[in-house]
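**Student:** Here's my sequence, what's the structure:
(one chain, ligands or ions: 1)
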Amino acid sequence: MKQARIILDKDYKIGRIDPRIYGSFIEHLGRAVYGGIYEPAHPLADEQGFRKDVLEMVRRLQVPVVRYPGGNFVSGFNWEDSVGPDRPKRLDLAWFTTETNAVGLHEFADWAKKADTEIMYAVNLGTRGPENARDIVEYANHPGGSKFSDMRIANGAQDPFGIKLWCLGNEMDGPWQMGHKNAFEYGRVANESAKMMKWVDPSIELVACGSSASDMPTFGDWELTMLDECYDNIDYVSLHRYYGNPTNDTPGFLARSMDLDDFIHSVVAICDAVKGKKHSKKQLNLSFDEWNVWYHSNEQDQEIVKREKWGKALPLLEDVYNFEDALLVGSMLMTLLRNSDRVKIACLAQLVNVIAPIMTRNGGGCWAQTIFYPFMHASRYGRGTALQAIVDTPVYDCIDYENVPLIDTAATQADDGSVTVFCVNRDMTDDFCLDLDLRSFGKMKLSEHILLHHDDVKAVNTEEDPMNVVPVSGPAGQVSSGHAEVKLPALSWNVIRFEPVMK
Ligand code: AHR
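**Tutor:** Now for the predicted structure:
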């Protein structure tokens, strides 16, 4: 069996983990809202039309924040259409469908409460600008006595929604975006919007649009230029990244998290360069507010839109995730954890039906895709303090990367003293014997080894077979004199949990 070694020490710390790195995203796109979280005719719908089975699954993921209402959708969205009794139907030019506006801000705020989550609200800086951004903050957060706050009260919400986190538009660097801007234009609009939004409610935090992917030709220059304009008035820079495996190269696909890591380091460096240039004392952090695997549904989506243009709640972006996708999602989560000193917010895109861990059938069941499990494990056990693991592992080379660790890892310590080690074994054929050196934690017991593995990397979960790829108990490990020995099967996601032994 191959060997790897990890040294953990309670004093080797990366920093506190902001729980918001386990955020997610719901866009008015496809069946995320209509047929996803909301389906009034479903037998399990509650009195407001929200599916209780979906709510239950969302709560299992313990998602602290959900980005809403887009995405590309938001760049043509008029928030006023989604509140009050008059809900106009609109053509959505982002996805070439029709938006009914049946669900809007009030309904989503109610859903968020039921899902135990907070809203991260994106304003439209595509077709609209600072004035509307100011108005929606007044509508959502001002107690009363002004035009928009009184409008909210008249629409049934006496108390402000108290939304603390706001996105200044979406992917404004992308030519596909309605109202696309160059970096200078965006930086100016973001700055003026930010000033006005914070004048209405100084307690809010703002995320400015960074690049929509690390391979955008404007990446780097976009961040430098736009930050030069808005650095002082924003709090986070966004990053977005999706990966796919269209050439069926599993080792290369599993190495994609190396790109995520490089992307994060580059954006941190740019933020700090602008900080230096401005002689600023303020540090900007990152909001990785769209990340996932996305490629399975691309061709199908083109057909659907060709056939049913301007349809409602079309089944768009319904990627069916396989086992190797779950492994990459695990590695992406660990990359976020290893960078949690600067990544304070992250949103798995998205949450229900649209490139999502949770799937539904209209009128039918609700089930967990393969990627549901690594996300749930990280969200539940990857809280507290991120630890700096020292890893000794064999490596491999693939088309885009050299020296890819065969054992990918991240470790955390919860406030109750328990330690969790996450590992992906990227080896296609070989199991690993992992030696974990827990030198400074005192007496620990191995409380659990959760294992996600399937012999077929293309295995999926479906409504008919929802338990095909599910976590099981891993092979029994041993702990003695501050060392644990654990077996990591070839191609596997592992969650190894230790608890302090009380004397
Ligand atoms: O999440 C799907 C889409 O991906 C979002 O609407 C957009 O922001 C990104 O390009």
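
**Student:** show me what contacts whichever residue of the stretch 201-350 of the chain sits closest to the ligand?
**Tutor:** Going by CB to the nearest ligand atom, the ligand is nearest to Ala349 of the stretch 201-350 of the chain, at 4.3 Å. Backbone N, C-alpha and C define where each C-beta goes, glycine included. Contacts for Ala349 (CB atoms under 8 Å, 6 or more residues apart in numbering) come out as Ser24, Phe25, His240, Tyr242, Asp289, Glu290, Trp291, Asn292, Trp294, Ile355.

**Student:** Test my guess that the second one contacts Gln350.
**Tutor:** Yes. Between Phe25 and Gln350 a contact is recorded at 4.5 Å, counting by CB atoms under 8 Å.

**Student:** Among those two, which residue is more densely surrounded?
**Tutor:** Neighbours were counted for Phe25 and for Gln350 using other CB atoms under 10 Å; Phe25 has more, 30 against 26.

**Student:** Just give the closest residue to the residue of the stretch 201-350 of the chain closest to the ligand, not the sequence neighbours.
**Tutor:** Glu290 (4.0 Å; CB to CB, 6 or more residues apart in numbering).

**Student:** Kindly report the same for Arg134.
**Tutor:** In space, Arg134 is closest to Met196, 4.1 Å off (CB to CB, 6+ apart).

**Student:** Check the burial of the one you found by counting its neighbours.
**Tutor:** 18.

**Student:** Show the contacting residues for it.
**Tutor:** Contacts of Met196 by CB under 8 Å, 6+ apart are Pro130, Glu131, Ala133, Arg134.

**Student:** and the first one, how many neighbours does it have?
**Tutor:** Read that as Pro130. Counted with other CB under 10 Å, Pro130 comes out at 20.

**Student:** Skipping adjacent residues, who's closest to Phe323 in space?
**Tutor:** Using CB to CB, 6+ apart, the nearest residue to Phe323 is His454, at 4.3 Å.

**Student:** ok, now Arg188?
**Tutor:** Arg188's closest residue in space is Glu229 (CB to CB, 6+ apart), at 5.3 Å.

**Student:** from the stretch 401-503 of the chain, which residue is nearest to the ligand?
**Tutor:** Val460 (20.3 Å).

**Student:** That residue and Met467 touch, don't they?
**Tutor:** No. Between Val460 and Met467 there is no contact under CB under 8 Å: 11.7 Å.

**Student:** For the protein, which residues are neighbours of the ligand?
**Tutor:** Contact residues (CB under 6 Å from any ligand atom) of the chain with the ligand: Glu27, Gly70, Gly71, Asn72, Asn170, Glu171, Ser212, Glu290, Ala349, Gln350.

**Student:** List phi and psi for the fourth one.
**Tutor:** It stands for Asn72. When read as degrees, to the nearest 10, the backbone of Asn72 gives phi -50, psi -30.

**Student:** Now do the SS call for His377.
**Tutor:** helix (DSSP: H, G, I helix; E, B strand; the rest coil).

**Student:** how close does it get to Glu448?
**Tutor:** To Glu448, His377 is 10 Å away according to CB to CB, to the nearest Å.

**Student:** go on, Glu205?
**Tutor:** Distance of Glu205 to Glu448, computed by CB to CB: 35 Å.

**Student:** more neighbours, Val460 and Met467?
**Tutor:** Val460 (18 against 8).

**Student:** tell me the contacts of the more buried one?
**Tutor:** Each residue near Val460 by CB under 8 Å, 6+ apart is listed here: Val320, Tyr321, Asn322, Phe323, Gln369, Thr370, Asn468, Val469.

**Student:** Then Val103?
**Tutor:** Contacts for Val103 (CB under 8 Å, 6+ apart) come out as His28, Val33, Tyr34, Ile37, Tyr38, Ser82, Trp111.

**Student:** Can you give me the neighbour number for whichever residue of the chain sits closest to the ligand?
**Tutor:** Nearest residue of the chain to the ligand (CB to the nearest ligand atom) works out as Gly71 at 3.0 Å. Applying other CB under 10 Å, we find 25 residues neighbouring Gly71.

**Student:** Verify the assumption that Leu446 is located in a strand.
**Tutor:** Yes. Counting by three-state DSSP, one finds Leu446 located in a strand.

**Student:** For the contacts of Val460, please prepare CSV with the additional fields pLDDT, secondary structure and neighbour count.
**Tutor:** Below are the contacts of Val460 laid out as CSV (pLDDT from 0 to 100; DSSP: H, G, I helix; E, B strand; the rest coil; neighbours: other CB atoms under 10 Å):
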residue, pLDDT, secondary structure, neighbour count
Val320, 98, coil, 13
Tyr321, 98, coil, 25
Asn322, 98, strand, 23
Phe323, 98, helix, 23
Gln369, 98, coil, 24
Thr370, 98, coil, 26
Asn468, 98, coil, 15
Val469, 98, coil, 24
